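Enquirer: turn this into a model:
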Amino acid sequence: MLKSRKFWVVLFALFVIIMQATIPEFSFDEEVAIGFTMLIVSYIVGVSVDPGGGFANILKSRKFWAAVVGLLFVFFKAFNVVLPEGLDAEAIVAGATAISSYILSVAFIDNAKARAKAG
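Expert: All right, here's what the predicted structure looks like:
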């Protein structure tokens, strides 16, 4: 269980929920919470479809880095970091949607390649 990336992502999501409830400077509005949830769910589904090489290859994972980039924008918004003009909550949700789609498509493509290679 401790080697499961899905487990660690869920643990991370719970940690973020606890942060949101206990740290006043860290606040999710509804739209940012939707973006966060979409990124977490798409990453879990992506890892389920194509587990890749596990923790040994996590830094090489396109799914991982896409999720990190998406989560950075969500966290910037949650901590009220001044973002460039035009990056409001709606833009962050749109970006999270695009990144989530990318994560899922990479997972399905990698899974198809692995199946074709296996025979």
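Enquirer: how about low-confidence regions in this structure?
Expert: Within the chain, the stretches with pLDDT under 70 are 54.
Enquirer: just the helices in it please.
Expert: 5-22, 30-49, 62-78, 89-118 (DSSP state H).
Enquirer: other SSEs contacting the longest one?
Expert: Other helices and strands packing on helix 89-118, by 3 or more C-beta pairs under 8 Å, 6 or more residues apart in numbering; DSSP states H and E, are helix 30-49, helix 62-78. Quick note: C-beta positions are derived from backbone N, CA and C, even for glycine.
Enquirer: could those helices be laid out in TSV, adding mean neighbour count?
Expert: Output for the helices and strands packed on helix 89-118, formatted as TSV (neighbours: other C-beta atoms under 10 Å):
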stretch	mean neighbour count
helix 30-49	20
helix 62-78	19
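Enquirer: so which of the helices of the chain comes closest to residue 56?
Expert: helix 5-22 (11.1 Å; C-beta to C-beta).
Enquirer: tell me the helices and strands packed up against the closest one.
Expert: Going by 3+ C-beta pairs under 8 Å, 6+ apart, helix 5-22 lies up against helix 30-49.
Enquirer: between the helices and strands packed on helix 89-118, which gets nearest to residue 119?
Expert: Short answer: helix 30-49, nearest of these by C-beta to C-beta, at 18.8 Å.
Enquirer: return the distance of that closest one from the chain's centre.
Expert: 5 Å (C-alpha atoms, centre = their mean, to the nearest Å).
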